[in-house]
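[1] my questions are about this predicted structure, shown below with the sequence.
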Amino acid sequence: MSNDLTSVYRISVSLNEPIKYSALSEAVAITAERFPYFSVSLRSGIFWHFLELNNLPPRIHAEDKTPCTAFAVTRRNEPLYRIILKGNTISVEFVHILTDGTGALEYLKSLLYTYLKLTGKNISDTGQIILPGSRISEEEYEDSYLKFFQKLPPPGKLVQAWHLPYKRNPRPSFRVLQAEADLGEMLERSRALKVSITEYITAVYFFALQKIYISQTDKSRREKKKLLRIEVPINMRKLLPSTTMRNFSLFLLPEIDVRLGTYTFEEILSSVHHQLKISADVRQISRSLSSNVSYEKLLIVRVLPLFIKKLAIASVYRGLASRRWTGIVTNMGQVSLPAEMEDLVSSLEIIPPPPNPNVKVSCALVSYKDKIMVTFANITPSREVERLMLKHLTDDGIHIKIIKNY
């Protein structure tokens with residue numbers, strides 16, 4: 001984590017009327033009591049970083065020019081999530097070490113419910129929303145990575161991936177482009193191709209990356225030996241019985257080997273479909289879970305002082321981990337609210353964390369009502385990835401509307 005690589009993401013809801021600050025402030029305090037495991041700060045010990053309870057609610061901020069900015073994580077009692085207020089929009093931003101998108105969304109839904117009740121709205125059907133005052137289960141605190149760990153053969157080693165050739169923006173480098181698409185049209189197109197929306201968008205991303213790769217006339221011999229690989233996060237709660245509110249996600253890594261030649265979109269789509277189906281099998285992805293947790297359990301790792309761990313981890317990340325994929329596609333899927341709340345909420349969106357200097361551009365999706373919001377996080381001046389992907393969707397008969405570009 002750094003001022004540029006913040007590991008902070010945002011989820012937002014927009015209401016049909018302006019937000020009342022006093023009611024929101026009260027709702028934030030009430031909701032923080034129901035999610036006590038989020039009221040923590042990051043501390044450093046001799047051997048590990050750890051999360052320490054501070055019982056402090058998150059701060060409410062006015063909208064800044066740049067989303068997903070860094071938290072002062074080294075400050076004592078610094079909350080690791082915040083509330084952003086602007087007009088009729090409530091946003092929550094979380095440091096990813098606290099929870100994943102599933103946990104953040106559950107918090108936001110509870111906060112929204114509490115706020116609406118405080119403003120006099122009648123909501124009789126609460127659906128699956130975690131209500132203030134409801135019992136806090138031990139499973140919500142659970143480290144499900146450790147719970148479901150079993151010693152398994154590690155996944156195969158990955159060669160380095162090709163990366164976009166664009167330079168970074170001057171600081172602050174983070175830029176966001178959001179496009180709204182018709183969910184019905186995208187579902188119709190995906191079903192016609194017999195794939196999921198995640199598979200469809202991932203294939204569109206690969207096809208755009210391949211076009212940029214081919215367009216490079218000055219590719220070095222070393223670059224020509226690399227392949228395209230996209231990270232696709234997956235919610236492990238859908239595969240293993242867990243209700244944890246901590247992180248419990250892993251990622252799939254479909255790839256296209258451009259060293260073998262050029263692929264049609266149909267060939268890419270078929271490959272992505274089968275790769276994701278195979279790698280999402282719980283037995284296969286459990287190998288990644290096993291591999292990740294195994295490092296933590298190694299005696300040599302456990303006894304190394306924290307300052308040595310930090311140097312080693314940073315070196316591994318820069319030299320290996322961040323070079324393994326070309327892009328990122330994350331799909332939070334369809335978000336539903338009780339009908340009485342849904343009538344009051346006009347839109348929902350997600351902004352992924354700023355991508356690392358190798359990946360440069362990432363893509364996140366979330367569906368709400370009859371719309372699907374496609375958000376691009378970009379740290380370069382180029383919008384070629386976004387242009388190629390949105391053009392492909394438009395050519396496929398999906399109506400696109402640019403909502404934000406900043």
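    Done, it's in.
[2] what does the helix or strand where residue 403 lies rub up against?
    Taking DSSP states H and E as the criterion, residue 403 maps to strand 400-405. Contacting residues not belonging to strand 400-405 are listed as 176, 177, 178, 179, 180, 181, 349, 373, 390, 393, 394 [C-beta atoms under 8 Å, 6 or more residues apart in numbering]. For the C-beta atoms, the positions are set from N, CA and C on the backbone; glycine is no exception.
[3] what about 10 Å?
    The contact list for strand 400-405 (C-beta atoms under 10 Å, 6 or more residues apart in numbering) reads 67, 175-182, 185, 347, 349, 351, 371, 373-376, 383, 386, 389-391, 393-394.
[4] now do the residue nearest to residue 2 when sequence neighbours are not counted, the pLDDT please.
    In space, residue 2 comes closest to residue 70 once its chain neighbours are excluded; the distance is 7.1 Å by C-beta to C-beta, 6 or more residues apart in numbering. pLDDT, residue 70: 94.
[5] relative to residue 366, how far out is the spatially most central residue of the chain?
    Nearest to the mean C-alpha position of the chain, by C-alpha atoms, centre = their mean, lies residue 352 at 4.9 Å. Going from residue 352 to residue 366 by C-beta to C-beta, to the nearest Å gives 10 Å.
[6] please apply the same query to residue 139.
    Here residue 139 is placed at a distance of 25 Å from residue 366 (C-beta to C-beta).
[7] which one of the two is surrounded by more residues?
    For the pair residue 139 and residue 366, the greater number of neighbours falls to residue 366 (23 against 13), based on other C-beta atoms under 10 Å.
[8] and after the helix or strand of the chain with the lowest mean pLDDT, which helix or strand comes next?
    Counting by mean pLDDT, DSSP states H and E, the weakest-scoring helix or strand in the chain turns out to be helix 221-224, with a mean of 60. The first helix or strand that comes after helix 221-224 along the chain, using DSSP H and E, is strand 228-235.
[9] quick one: list the elements packing against the helix or strand just after that following strand.
    Note on strand 228-235: by DSSP H and E, the next helix or strand toward the C-terminus is strand 249-252. Using 3 or more C-beta pairs under 10 Å, 6 or more residues apart in numbering; DSSP states H and E as the contact test, the elements touching strand 249-252 are helix 101-118, helix 144-147, strand 228-235, helix 265-279, helix 282-297, strand 327-335.
[10] need these in TSV (columns: mean pLDDT, distance to residue 314 and mean neighbour count).
    As requested, the helices and strands packed on strand 249-252 are exported to TSV (pLDDT from 0 to 100; distance: least, C-beta to C-beta, whole Å; neighbours: other C-beta atoms under 10 Å):
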stretch	mean pLDDT	distance to residue 314	mean neighbour count
helix 101-118	97	25	22
helix 144-147	95	21	16
strand 228-235	97	19	21
helix 265-279	98	28	17
helix 282-297	88	15	15
strand 327-335	97	20	21
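[11] in CSV, list these along with distance to residue 76.
    Shown next, in CSV, are these (distance: least, C-beta to C-beta, whole Å):
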stretch, distance to residue 76
helix 101-118, 23
helix 144-147, 27
strand 228-235, 31
helix 265-279, 42
helix 282-297, 26
strand 327-335, 32
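[12] identify whichever of these lies nearest to residue 204.
    Closest to residue 204 of those is helix 265-279 (C-beta to C-beta; 7.9 Å).
[13] report the buried members of the contacts of strand 400-405.
    67, 175-182, 185, 347, 349, 351, 371, 373-376, 383, 386, 389-390, 393 (16 or more other C-beta atoms under 10 Å).
[14] among the residues you listed, which lie within helices?
    Cross-referencing the buried ones among the contacts of strand 400-405 against helices under DSSP state H gives 185, 386, 389, 390, 393.
[15] ok, so of those residues, who is nearest residue 291?
    Nearest to residue 291 among those is residue 389, at 31.4 Å by C-beta to C-beta.
[16] could I get the contacting residues of the closest one?
    179, 201, 204, 205, 207, 208, 209, 361, 363, 374, 376, 400.
[17] which of the residues you listed sit farthest apart?
    Using C-beta to C-beta, these reach their maximum pairwise distance at 209 and 400, which is 19.2 Å.
[18] okay, these two: which has more neighbours?
    For residue 209 versus residue 400, neighbours defined as other C-beta under 10 Å are more numerous around residue 209 (27 against 16).
[19] excluding sequence neighbours, find me the nearest residue to that one.
    Nearest one to residue 209, counting by C-beta to C-beta, 6+ apart, is residue 228 at 5.2 Å.
[20] for that neighbour, give its distance to residue 384.
    Distance, residue 228 to residue 384, using C-beta to C-beta: 15 Å.
[21] who is the nearest residue to residue 43 once chain neighbours are set aside paired with across the strands?
    The shortest distance from residue 43 to any non-neighbouring residue, by C-beta to C-beta, 6+ apart, is to residue 52 (4.7 Å). Beta-bridge pairing for residue 52 (DSSP bridges): residue 41.
[22] pretty sure residue 52 contacts residue 77?
    Yes - using C-beta atoms under 10 Å, residue 52 is in contact with residue 77, at 8.5 Å.
[23] which neighbours do the two share?
    Both residue 52 and residue 77 are contacted by 39, 40, 41, 43, under the criterion C-beta under 10 Å, 6+ apart.
[24] buried ones among the residues you listed?
    For those, a burial check counting by 16+ other C-beta under 10 Å picks out 39, 40, 41.
[25] before we move on, the earlier item: which SS state does the residue nearest to residue 2 fall under?
    State at residue 70, reduced to three classes by DSSP: H, G, I helix; E, B strand; the rest coil: coil.
[26] check residue 9 too.
    strand.
[27] what values do phi and psi take at the spatially closest residue to it that is not a sequence neighbour?
    Of all residues not flanking residue 9 in the chain, residue 353 sits nearest, at 4.9 Å (C-beta to C-beta, 6+ apart). Main-chain dihedrals, residue 353, degrees, to the nearest 10: phi -60, psi 160.
[28] residues contacting residue 353?
    Residue 353 neighbours (C-beta under 10 Å, 6+ apart): 1, 5-10, 67-68, 93-96, 174, 328, 330, 362, 364, 377.
[29] now residue 24
    Per C-beta under 10 Å, 6+ apart, neighbours of residue 24: 60, 83, 85, 90, 111, 112, 114, 115, 118, 119.
[30] so for the strand or helix carrying it, what's the average pLDDT?
    Using DSSP H and E, residue 24 falls within helix 21-34. Per-residue pLDDT over helix 21-34 has a mean of 98.
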